[in-house]
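Student: Structure for the following, please:
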Amino acid sequence: MSTDDNTSMDLSGKLLIAMPGMGDPRFEHSVVFMCAHSPEGAMGLIVNKPAPDVSLGDILAQLDIDASAATKAASVFFGGPVEGGRGFVLHSGEYDNDASTLKVDAAFSMTATRDILEAMAKGEGPENALAALGYAGWSPGQLEAEIQQNAWLTCDAEEAIVFSDDSEGKWKAALAKLGIDPLLLSAEGGHA
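Tutor: As a prediction, the model looks like this:
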């Protein structure tokens with residue numbers, strides 16, 4: 001990738017995999033699903049860091065949404081450091097509320113409105129879903145610069161990784177998708 005070709009890069013629907021030595025503890029060993037990426041900036045959700053002491057049941061109770069026992073125990077993730085009080089649901093593509101769903105690609109969508117939580121509580125929501133508080137955001141050119149500085153690797157997103165119950169294993173699984181052994185990764189990068 002050349003430095004003057006950054007505007008054509010579109011990472012929507014991809015995974016960002018944090019390199020060792022990231023430098024920002026909020027993103028250490030993170031896997032970020034990219035919801036949107038354009039010349040105006042980028043937005044994604046960290047999919048492998050459960051939010052401490054918060055469950056989906058807690059959020060539903062706060063919003064006065066009656067939930068089944070199965071939904072109450074579901075994890076909520078730290079989606080990123082921006083707007084930490086705002087909720088997002090990353091989900092499989094078959095669920096679509098035309099007015100409020102961002103269709104990322106055929107397999108993934110993101111909805112940030114109460115209606116998806118109500119549908120999930122009734123068992124009528126998407127087949128696969130991940131709730132997150134906050135998001136990761138980048139200003140124009142910022143993500144491209146971080147990639148050039150070897151802060152991130154990228155790969156295609158797979159539902160098996162994104163929606164896995166093994167939060168701790170997602171980073172290694174994403175690296176394995178690229179054929180990379182995490183023990184062999186270096187924080188130092190080279191440029192040709």
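Student: Which parts of the chain are helices?
Tutor: Using DSSP state H, the helices of the chain run over 56-62, 69-72, 114-121, 142-148, 159-162, 170-177.
Student: which stretch in those has the least confidence?
Tutor: With a mean of 55, helix 69-72 has the lowest mean pLDDT of those.
Student: What part of this protein, helix or strand, is modelled with the least confidence?
Tutor: helix 69-72 (a mean of 55; mean pLDDT, DSSP states H and E).
Student: Excluding chain neighbours, what is closest to T154?
Tutor: K14 (5.1 Å; Cβ to Cβ, 6 or more residues apart in numbering). All C-beta atoms are positioned from the backbone trio N, CA, C, and that covers glycine.
Student: Quickly list what the residue lying closest to G137 once chain neighbours are set aside is bridged to.
Tutor: Sequence neighbours aside, V82 is the residue nearest to G137 in space, at 4.5 Å (criterion: Cβ to Cβ, 6+ apart). Bridge pairing for V82 (DSSP bridges) gives the partners Y135.
Student: got a pLDDT number for V82?
Tutor: pLDDT, read off for V82, is 95.
Student: What are the neighbouring residues in contact with it?
Tutor: Counting by Cβ atoms under 8 Å, 6 or more residues apart in numbering, V82 makes contact with G134, Y135, A136, G137.
Student: For the closest residue in space to K172 that isn't next to it in sequence, the count of nearby residues, please.
Tutor: Nearest residue to K172, sequence neighbours excluded (Cβ to Cβ, 6+ apart): P182, at 5.7 Å. Around P182 there are 13 other residues, counting by other Cβ atoms under 10 Å.
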